[in-house]
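Enquirer: give me coordinates for this.
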Amino acid sequence: MHSTSVIGRDEQKDLFEEALTSSKSEFIVVYGRRRVGKTFLIKNVLGKRINFEMTGIQDGSLSDQLQNFADKLSEFSGTEVKPPESWMQAFSLLKKYFSTLKTKKKKVIFLDELPWIDTRKSKFLGMLGHFWNDWAMYNNVLLVVCGSAASWMINHVLNHKGGLHNRATQYLPLQPFTLRETEQFLKAKKIKANRYQVVQLYMTLGGIPYYLDLLKPEQSIPQNIDRLCFDTNGFLRDEFGRLYKSLFEKADKHIAVVKALASKWKGLTREEIIVSTGLSNGGSLNRVLEELEKSAFIQAYSPFGKKKKGTLYRLTDNFSLFYLKLISQKGLRNQKNVFLKLFTRPNFRVWCGYAFENTCLIHYLQMAKALGISSIFHEVSSFQFTGNETYSGIQIDLLIDRADGVINLCEMKFSNADYKLTPTYKKTLRERASIFSAVTKSRKSVFVTLVTTYGLAQKDTHIDVIQNVITLDDLFESV
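Expert: Predicted coordinates:
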């Protein structure tokens, strides 16, 4: 991204500004999935205050990374620097360079794509730890390190067993934009879209700033989606494979899990993932699930009652879901006006339902605000009951268990108009609430909560069935 200044991210911007003016050295670890705007945020906030920066070279050797270091140090220092032979030598050169800077302000170092810099047997992380502990900590330095492989950053930097252990003064996981931030971004780019269209866009691309920056203001939202996702040269047409392979070693396992989750709307348990993917049950699967969750591609939902067994994993990355359900379908590629044509297809309506549920799950804090329970302790979970001789099976994707004696059973419905309750659906909602109370033996009041685009048609006549209605406008609120 380059055309739009930083939208949202107020908390993160404040964190950097505070670090620049603090009385001690600061070490900030930034992580988040590829294309989420990490580098853009850091460069935009720190800007010309950066005294040295380098970005790791993907698949580069140790000598490639050291040559890159020398080139960047030459650029910042204004003098020719020969490539060092080791990272120990490299950090020694960096200290000498900083000794020439006559400033009382923070000395700012930005190391981007750290996992790529730390090549096999390079001893980079050990030397970085030594550099921080031996010199940077005592010399008014702001060290910012960044990486897209979130799990790698957590395991190798934040939880480093050597010199970097517990050294970070701040860690900053950068999440995709919310609906509110997406709307602000589109306005800044002069893209006209109402909230219904913004949600459609969010359901396809997710809140990924890099993808949103590819939109053209002279095109409608469907035209932009067609150009990016379905045209022969569409930038996002083959992004799915690039995305996972750039983030994870042996990405085939991650892709297998994501594909399995995309095939099951309601999510899968760990056991179901094993059956679906053929992956073995062990540490390897633990790592894959952890990495996908920490990179914001999937979410784990604990079952009501907090039993570990039965945790549901759900694909919550909207772009991955859109790719697997629609972009990858060969019959849709290279056609014109694909997105509008899809509206008539059953699989499009199924995708809409899943993607809207995802969008709601991502914005559960906004839902809590709309319910007026932000200040009341509450826990989010899911509920699955397979059924028995007495009761039918039910599944509830989002439960909000509140300390004030209420449980919200959330129903999420995407609609292009006020949502109309049919007699059959009213009966279903009553039965679900009744079965939930009976099976869980919960003594709390059960409120059925509808989350939909424009609200409920004839809302006054349905208060006996639905106690709360949350609309799009609520999901766009700040929290």
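
Enquirer: quick one: low-confidence parts of the stretch 201-350 of the chain?
Expert: Residue ranges of the stretch 201-350 of the chain with pLDDT under 70: 306-308, 331-335.

Enquirer: in it, which spans are strands?
Expert: 298-301, 312-315 (DSSP state E, counting those that start in this stretch).

Enquirer: can you tell me how far the most centrally placed residue in the chain sits from residue 187?
Expert: Nearest to the geometric centre of the chain sits residue 296, at 3.7 Å (Cα atoms, centre = their mean). According to Cβ to Cβ, to the nearest Å, residue 296 and residue 187 sit 24 Å apart. (C-beta placed from N, C-alpha, C; glycine too.)

Enquirer: any chance you could map the helices in the stretch 201-350 of the chain?
Expert: For the stretch 201-350 of the chain, helices defined by DSSP state H, counting those that start in this stretch occupy the ranges 209-212, 221-229, 239-247, 251-262, 270-277, 283-294, 318-322, 338-342, 346-362.

Enquirer: redo those helices as JSON lines? Include distance to residue 123 and mean neighbour count.
Expert: Below are the helices of the stretch 201-350 of the chain laid out as JSON lines (distance: least, Cβ to Cβ, whole Å; neighbours: other Cβ atoms under 10 Å):
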{"stretch": "helix 209-212", "distance to residue 123": "33", "mean neighbour count": "22"}
{"stretch": "helix 221-229", "distance to residue 123": "42", "mean neighbour count": "21"}
{"stretch": "helix 239-247", "distance to residue 123": "24", "mean neighbour count": "18"}
{"stretch": "helix 251-262", "distance to residue 123": "26", "mean neighbour count": "20"}
{"stretch": "helix 270-277", "distance to residue 123": "36", "mean neighbour count": "16"}
{"stretch": "helix 283-294", "distance to residue 123": "23", "mean neighbour count": "18"}
{"stretch": "helix 318-322", "distance to residue 123": "36", "mean neighbour count": "24"}
{"stretch": "helix 338-342", "distance to residue 123": "50", "mean neighbour count": "18"}
{"stretch": "helix 346-362", "distance to residue 123": "40", "mean neighbour count": "18"}
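
Enquirer: now tabulate those in TSV and tack on distance to residue 100.
Expert: Shown next, in TSV, are these (distance: least, Cβ to Cβ, whole Å):
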stretch	distance to residue 100
helix 209-212	36
helix 221-229	47
helix 239-247	36
helix 251-262	43
helix 270-277	55
helix 283-294	39
helix 318-322	46
helix 338-342	56
helix 346-362	47
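
Enquirer: which among those is found nearest to residue 152?
Expert: Of all the helices of the stretch 201-350 of the chain, helix 283-294 sits nearest to residue 152, with 8.0 Å by Cβ to Cβ.

Enquirer: gap between that closest one and the chain center?
Expert: 15 Å (Cα atoms, centre = their mean, to the nearest Å).

Enquirer: and it, C-alpha only, in CSV?
Expert: The C-alpha coordinates for helix 283-294 follow below in CSV (Å, rounded to 0.1, in the frame of the first residue of the first chain):
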residue,chain,number,x,y,z
GLY,A,283,2.6,-32.6,17.3
SER,A,284,2.6,-31.8,13.6
LEU,A,285,-1.1,-31.2,13.5
ASN,A,286,-0.9,-29.2,16.8
ARG,A,287,1.7,-26.9,15.1
VAL,A,288,-0.4,-26.5,11.9
LEU,A,289,-3.6,-25.6,13.9
GLU,A,290,-1.6,-23.2,16.1
GLU,A,291,0.0,-21.5,13.2
LEU,A,292,-3.2,-21.1,11.3
GLU,A,293,-5.0,-19.7,14.4
LYS,A,294,-2.2,-17.3,15.4
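
Enquirer: thanks a lot, see you next time.
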